[in-house]
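Asks: no sequence on this one, just coordinates:
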Ligand code: ADP
């Protein structure tokens with residue numbers, strides 16, 4: 001872990017940044033104010049000595065006289081008159097017998113010089129006195145900037161501590177304000193941590209405050225919690241459905257197995273050599289074995305559909321598949337008369353797909369027709385071709401389905417109220433629909449309770465191929 005400004009709390013970090021920026025701004029401002037004031041005050045003094053020298057030079061008699069210098073002096077202003085060779089002709093009395101430095105080069109350059117006289121700083125300006133184009137002498141004017149320095153000292157003693165105090169106050173208030181602004185965020189974080197610790201998916205942050213960025217963050221977290229809760233429920237549902245499914249499947253597989261085992265026990269008994277009994281027992285065994293095989297196939301199809309495995313894609317003669325399914329299931333009709341009529345209309349109907357899957361689809365529909373129709377009832381399979389599609393209908397005169405159940409019967413594990421004691425897992429129609437849509441088709445149902453049901457499968461016809469599909473199927 002790296003330490004430094006990044007490892008500090010956000011409020012301290014923000015306050016520090018703000019204080020540093022304020023320090024830079026205040027330092028620049030303080031120095032600028034001081035320097036500008038100092039510059040303008042000192043310039044004023046320089047201007048003053050220039051103006052006084054000009055006045056004295058203009059008023060000076062020709063040649064310049066020693067007298068009258070005091071008229072132009074003031075307590076901090078010193079005046080001296082010199083002859084052309086630089087000898088002192090007269091001085092203001094406040095000079096007390098001392099002479100101002102005579103700087104010829106500065107006079108020639110018309111410059112104000114910074115000099116010292118008796119340890120005292122002075123601004124000195126010298127100016128030649130001319131008359132009739134001839135040099136008559138020089139006027140020297142000096143002024144002490146001490147009062148200005150004192151004023152600048154006072155300004156400094158106020159400005160620098162003032163800036164430091166302003167900086168401390170700004171730092172403190174910025175820390176306080178940031179802390180205040182961030183407190184709701186801390187509350188949000190605490191609530192989120194509590195929710196994570198308790199794993200209570202129904203809880204929400206429920207942030208109450210102004211509609212600002214923090215409210216947006218809280219709303220986003222609440223939205224995430226809601227989706228998590230939904231996902232959790234879905235997962236729970238899936239788990240319990242799976243548990244139920246395992247229980248159902250064990251039960252479904254156990255029933256034919258029990259029948260088969262007891263039939264085998266009967267066959268093994270002494271005296272069970274009656275040929276008629278043996279034939280009947282073997283037929284029963286075959287029916288139960290076929291039932292189990294069907295169930296296992298359905299489970300396999302469902303597992304494959306979950307894994308999104310691709311199905312075979314080859315030309316299939318629909319009439320063969322339907323007839324095969326009818327033939328295979330006729331022995332299990334349980335007293336229901338099965339009629340497959342009008343199938344000649346499907347003679348040349350070819351679809352692209354997997355013949356085993358399509359046979360499974362019709363087996364499911366026929367099995368249901370037998371299961372949900374009382375003995376003595378009827379199951380009819382018919383087919384038509386037209387408009388680029390082939391339609392196969394499986395109708396029965398069975399118990400029918402309530403209108404409220406109709407929208408759900410194709411859902412996995414859904415069993416309507418009409419099942420009574422009939423065995424089943426609620427998977428057949430879900431698999432049937434999956435197979436139909438996998439082949440680009442659809443399955444629908446019409447039903448009237450007490451009258452019967454009619455399931456219709458529509459599949460798109462394959463585009464005519466030059467070769468004979470019967471050959472490719474063999
Ligand atoms: P199940 O194993 O229960 O038969 P299915 O997915 O095949 O599962 O069917 C779902 C439900 O639809 C059945 O439980 C039943 O209530 C209803 N159903 C299906 N076929 C028929 C039918 N031919 N007649 C009446 N109800 C049917």
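Replies: Good, I have the coordinates. Just so it is clear, the model here is predicted, and its values are computed rather than measured.
Asks: what's the helix or strand in which residue 58 is found packed up against?
Replies: Per DSSP states H and E: residue 58 is located in helix 10-59. The contact analysis (3 or more C-beta pairs under 8 Å, 6 or more residues apart in numbering; DSSP states H and E) places helix 10-59 against helix 69-72, strand 77-82, strand 120-131, strand 134-143, helix 146-198. No exception for glycine: its C-beta is placed from N, CA and C like everyone else's.
Asks: would you mind giving those as a markdown table with distance to the ligand and mean pLDDT added?
Replies: Shown next, in a markdown table, are those (distance: least, C-beta to the nearest ligand atom, whole Å; pLDDT from 0 to 100):
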| stretch | distance to the ligand | mean pLDDT |
| --- | --- | --- |
| helix 69-72 | 122 | 64 |
| strand 77-82 | 117 | 91 |
| strand 120-131 | 110 | 91 |
| strand 134-143 | 113 | 92 |
| helix 146-198 | 40 | 90 |
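Asks: what angle sits between the helix holding residue 58 and strand 134-143?
Replies: If you take axes from the mean of the first three to the mean of the last three C-alpha atoms, to 10 degrees, helix 10-59 sits at 140 degrees to strand 134-143.
Asks: helix 10-59 vs strand 77-82, what angle?
Replies: 40 degrees.
Asks: hmm, back to that, most tightly surrounded among the helices and strands packed on helix 10-59?
Replies: Neighbour counts (mean count of other C-beta atoms under 10 Å) averaged over each of those peak at strand 77-82, with a mean of 24.
Asks: name the next helix or strand following that one along the chain.
Replies: strand 88-91.
Asks: flag every buried residue along that following strand.
Replies: Buried positions in strand 88-91, judged by neighbour count with 16 or more other C-beta atoms under 10 Å: 88, 89, 91.
Asks: pull the contacting residues for the last one.
Replies: Same thing as residue 91. Residue 91 sits next to 69, 78, 79, 80, 81, 97, 99, 100 when contact means C-beta atoms under 8 Å, 6 or more residues apart in numbering.
Asks: what does the first one give?
Replies: For residue 88, the contacting residues are 80, 81, 82, 99, by C-beta under 8 Å, 6+ apart.
Asks: the ligand contacts on the protein?
Replies: 368-369, 372, 396, 398-401, 409, 414-416, 418-419, 424-430, 453 (C-beta under 6 Å from any ligand atom).
Asks: narrow the residues you listed to those that are buried.
Replies: Among the residues of the chain next to the ligand, the ones that count as buried by 16+ other C-beta under 10 Å are 368-369, 372, 396, 398-401, 409, 415-416, 418, 424-430, 453.
Asks: okay, domains of this protein per the record?
Replies: Split into domains by automatic domain parsing, the chain comes to 2-155, 201-308, 310-472.
Asks: most tightly packed of those domains?
Replies: Highest mean neighbour count of the domains of the chain: domain 310-472, a mean of 18 (counted as mean count of other C-beta under 10 Å).
Asks: for the closest residue to residue 106 other than its chain neighbours, give its distance to the ligand.
Replies: Spatial nearest neighbour of residue 106, chain neighbours left out: residue 113 (4.7 Å); criterion: C-beta to C-beta, 6 or more residues apart in numbering. The span separating residue 113 from the ligand equals 113 Å under the rule C-beta to the nearest ligand atom, to the nearest Å.
Asks: quick one: contacts for residue 113?
Replies: So residue 113 contacts 101, 103, 106, 123, 124, 125 (C-beta under 8 Å, 6+ apart).
Asks: over to residue 333?
Replies: 370, 379.
Asks: any idea how far residue 339 is from it?
Replies: 11 Å (C-beta to C-beta, to the nearest Å).
Asks: again with residue 235
Replies: Separation of residue 235 from residue 339 (C-beta to C-beta): 47 Å.
Asks: go on, residue 286?
Replies: Taken as C-beta to C-beta, the span from residue 286 to residue 339 is 23 Å.
Asks: same question, residue 250
Replies: Counting by C-beta to C-beta, the gap between residue 250 and residue 339 amounts to 36 Å.
Asks: wait, what's in contact with whichever residue of the stretch 1-150 of the chain sits closest to the ligand?
Replies: The minimum distance from the stretch 1-150 of the chain to the ligand, using C-beta to the nearest ligand atom, falls at residue 10 (57.9 Å). Contacts for residue 10 (C-beta under 8 Å, 6+ apart) come out as 178, 182.
Asks: now do the same for it: its pLDDT.
Replies: Residue 10 is assigned a predicted lDDT (pLDDT) of 81.
Asks: swap in residue 256?
Replies: For residue 256, the model assigns a pLDDT of 86.
Asks: cool, the one 4 residues further on as well?
Replies: At residue 260, the pLDDT value in this model is 92.
Asks: nearest residue to it other than its sequence neighbours?
Replies: residue 288 (4.9 Å).
Asks: residue contacts, residue 345?
Replies: Going by C-beta under 8 Å, 6+ apart, the list of residues near residue 345 reads 383, 384, 385.
Asks: same question, residue 401
Replies: 409, 416, 418, 445, 447, 449, 453.
Asks: inside strands: which ones of those?
Replies: Applying DSSP state E to the contacts of residue 401, the entries found in strands are 445, 447, 453.
Asks: what is the nearest of those residues to the ligand?
Replies: Set against the ligand, the nearest of the ones in strands among the contacts of residue 401 by C-beta to the nearest ligand atom is residue 453 (4.1 Å).
Asks: I'd say that closest one and residue 372 touch.
Replies: Yes. Between residue 453 and residue 372 a contact is recorded at 7.2 Å, counting by C-beta atoms under 8 Å.
Asks: what residues do those two have in common as contacts?
Replies: Shared contacts of residue 453 and residue 372 (C-beta under 8 Å, 6+ apart): 396, 398.
Asks: avg pLDDT for stretch 424-437?
Replies: 90.
Asks: show residues contacting that stretch.
Replies: Contacts for stretch 424-437 (C-beta under 8 Å, 6+ apart): 245, 248-249, 252, 298-299, 301-302, 305, 357-358, 360-361, 364-365, 367-368, 371, 409-415, 442-443, 455, 457-459.
Asks: what about the most centrally placed residue in the chain, helix or strand, and which?
Replies: Centroid-nearest residue in the chain, with C-alpha atoms, centre = their mean: residue 220, separated by 9.1 Å. In the assignment (DSSP H and E), residue 220 maps to helix 213-268.
Asks: give me the helices and strands touching that helix, please.
Replies: Checked by 3+ C-beta pairs under 8 Å, 6+ apart, helix 213-268 has helix 146-198, helix 275-306 packed alongside it.
Asks: and that helix with helix 275-306, angle?
Replies: Put simply, helix 213-268 runs at 160 degrees to helix 275-306, going by the same axes, to 10 degrees.
Asks: lovely, talk soon.
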